[in-house]
Each structure stands twice: as C-alpha cells, then as structure tokens.
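*Asks:* Have a look; sequence and predicted model below, questions after that.
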Amino acid sequence: MRLVLLGPPGVGKGTQGRRLAAEMGWALISTGEMLREAVAKSTPLGRAAGRRMAAGELVEDDIMVGLVRDRSAEPDAARGFVLDGFPRTVPQADALEAMLAERAQRIDLAAYLGAPEVELVRRLSGRLECPVCKRAYHRTDARPRDGRHCDDHPGVELRQRADDAEETVRKRLDVYRVQTAPLVDYYRRDGRLREVSGLGAMDEVYRSLKQALECPDPDPTSSGGPSGASSGASSGASRQASPGR
Ligand SMILES: [Zn+2]
C-alpha cells in the first residue's frame, strides 16, 4: 500500500503514520523529519529549507520532490510507504503521480485526518521540548513535573520550537487552508480519499484510521492484516468515528 496522509498541522498525522507504518511493515516517509534532520546537520539544503520553515512557509517543490523520489526508492519502501508531509500542494501531488508512474506505481489511498482549528492551535502552540533530549511536553496535555523543566534534566528549561509559536502556527494553518486543503478534493475526485476524525484518544483515532483503510481495499501484499471482516466499504464508515470529547 502506498498511502498519503493528509490533515492540518497538529492533527496527529505523524504519530498515527509512524504507528501504522511500523505495524504494517511500510516505510514512513516524513518529509518534515527529513527536513529537520537536514537543518540540524546544516547541509546546504537544510540551511535553505530552515529559513522558510522558521517563517512558516513551504519549502520549494523541487527540493521536496527530490527528497521523496530518493527516499521512496529505498528497499524498505518496496512493500509500501506512508507519506507524511508530502504532497502539500496540488502541483506536488501531480509531480508525485508522475514520479510514481515512471515506476508503474501509484498512490493507492489518501487518508484525511481532520480536527477543528481552535483545537489545532491549542495543541500546537502548547508544545514544548527539552533542548537536550528532545523529549516532547505540552503546557496542558503533558506537563513536566515542575511546570518548566525537563523531568530528566532538572536544570534545563523547556523550549518551544520556532514553528510552534502561536503566530507561526496560525500562519501554518492559513498556508494549509489555501494550499493543502484542495488535496482533499484531489484524492476524493477519483475515489481514493478516506476521512477519519483526528479528535479523541490516540488509540481511537488509530482504530478508525485502520478501519477506513482496510474496509474497501484490503492490501493483498500486507501479510497478516485483518481481512474484510469489518463493516461496509462505503466512505461513510469512517466518518462516525469519535466526534470528540
Ligand atoms: Zn531532557
């Protein structure tokens, strides 16, 4: 299965994608992680990308397409992959289709995780991390013991990632609404879209996601996956999942 994960920043795509890829034996291709790594290593690509990311802007298409082309050709992606963070625009989605077509491949499905914008702002702008061990915290959802410092590094004050500052978060959501939201229609048009609510407990969202992906089109190459025992194949099946708390 070659899957695109869609959804606004803060909806939990990264967490869900990692779990799904690990369980199904697919490669997780997280362009955000790949970019942050390039930034941390201060490669030429990383420096160029870093300036745009810190400003809440998207990195240029040719850089992104090149990253994904190379990564998706690696052996661990042979059985399938989950794309997280790419494509983000309709032109990128077209470029992805063209690139895969050269290998006689295509994106099988796109899963859309959704949540209201106020919740996304709350989740993102509250995120904190330890600059030493990179452990993730949240001002309200995952507080450190003393409220300010890493539990494992008592002298180290937690920090907010530059692109999680509230103003940047709002800008990321604006960019998402203009450039990425049209992808939902892009994959819906030819029946490849599956919609899942990103609200509720992490396990609940994960169950809905798997159900949405497995019902209509069980992947014969993914060994051991539960076969079509679950309910109806129509797109309505996933929408009733967890309307929130
Ligand atoms: Zn720490």
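*Replies:* In hand now; what should we look at?
*Asks:* Toward the C-terminus, what is the element adjacent to the helix or strand bottoming out on mean pLDDT in the chain?
*Replies:* Among the helical and strand segments of the chain, the one scoring lowest on mean pLDDT, DSSP states H and E is helix 44-54, with a mean of 80. With elements assigned by DSSP states H and E, the helix or strand that comes after helix 44-54 is helix 61-72.
*Asks:* quick one on the thing from earlier: and the angle from the least confident helix or strand of the chain to helix 61-72?
*Replies:* Angular relation of helix 44-54 and helix 61-72 on a 0 to 180 degree scale: 120 degrees, by axes from the mean of the first three to the mean of the last three C-alpha atoms, to 10 degrees.
*Asks:* Now the phi/psi pair for Val132, please.
*Replies:* Reported as degrees, to the nearest 10, the phi and psi values for Val132 are phi -90, psi -60.
*Asks:* Next, the buried residues of whichever strand or helix holds Lys210.
*Replies:* The secondary structure element spanning Lys210 is helix 202-214 (assigned by DSSP H and E). For helix 202-214, the neighbour count (16 or more other C-beta atoms under 10 Å) marks Val205, Tyr206, Ser208, Leu209, Lys210, Gln211, Ala212, Leu213, Glu214 as buried. Using the backbone N, CA and C atoms, a C-beta is placed for each residue, glycine as well.
*Asks:* hang on, the first one packs against Ala212?
*Replies:* No: with contact defined as C-beta atoms under 8 Å, Val205 does not reach Ala212; the gap is 10.4 Å.
*Asks:* before we move on, back to that, give me the packing partners of the helix holding Lys210, helices and strands only.
*Replies:* helix 13-24, strand 109-114, strand 193-197 (3 or more C-beta pairs under 8 Å, 6 or more residues apart in numbering; DSSP states H and E).
*Asks:* where's Asp146 relative to Val156, distance?
*Replies:* In this structure, Asp146 and Val156 are 11 Å apart, going by C-beta to C-beta, to the nearest Å.
*Asks:* ok, now Asp76?
*Replies:* As it turns out, when the distance is counted by C-beta to C-beta, Asp76 lies 34 Å from Val156.
*Asks:* pLDDT at the residue of the chain most remote from its centre, what is it?
*Replies:* The outermost residue of the chain, judged against the average C-alpha position, is Gly155 (32.5 Å), by C-alpha atoms, centre = their mean. The confidence metric pLDDT takes the value 94 at Gly155.
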